[in-house]
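*Asks:* Provide a 3D model corresponding to the input given below.
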Amino acid sequence: MKGQSSLEFLSFVALSSLMLAILYGVVMDQQREAVQYQVDRNSERILEKVSFEVEMALVQGDGYSRVFSVPESVAGYGYEVKLFDGRAVLEYDDEKVIGSSRYRGDEISINTTETNVFRVINDEGKVSLQEK
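*Replies:* Numbering: from 1, shown residues only. Sure thing, here's the model as predicted:
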């Protein structure tokens, strides 16, 4: 009788361990997806903010100047934002997030490896971004 209960207990423990391992894998996958969604959403917000600042400089006209800041990093990495031909592109690590912008001039960009504070300037209809 003791031998049979030991065998039943061992099979119960093995089956329980297998179920926990499967559950752990599913939870980790869901958590990874949630973190990636958050990183993508933060990247989109950064693109929207930089695009808005550049578009505001275009609308306000010559002499407009404003200081703004963006987050220091995305997913722990410094990043670069480029605006050109109606596109906004954020690049970090080996990832790229693409958005849209109304800006259609020459390529302008910011890089957060040195600073996360920038000045947008409209000088005679030409918009530029400078580190602050």
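*Asks:* quick one: pLDDT of the closest residue to A75 other than its chain neighbours?
*Replies:* Nearest residue to A75 in three dimensions, chain neighbours excluded: V39, at 4.7 Å (C-beta to C-beta, 6 or more residues apart in numbering). In this view, the C-beta of every residue, glycine as well, is placed from N, C-alpha and C. Per-residue confidence at V39 stands at 93 (pLDDT).
*Asks:* what helix or strand does V39 sit in?
*Replies:* Applying DSSP states H and E as the criterion places V39 in helix 2-60.
*Asks:* measure the residue most central in space within the chain to Y64 for me?
*Replies:* What sits nearest the mean C-alpha location of the chain, by C-alpha atoms, centre = their mean, is S43, with 2.9 Å. The gap separating S43 from Y64 is 26 Å, by C-beta to C-beta, to the nearest Å.
*Asks:* ok so, going back, burial count for the residue nearest to A75?
*Replies:* By other C-beta atoms under 10 Å, the residues close to V39 number 17.
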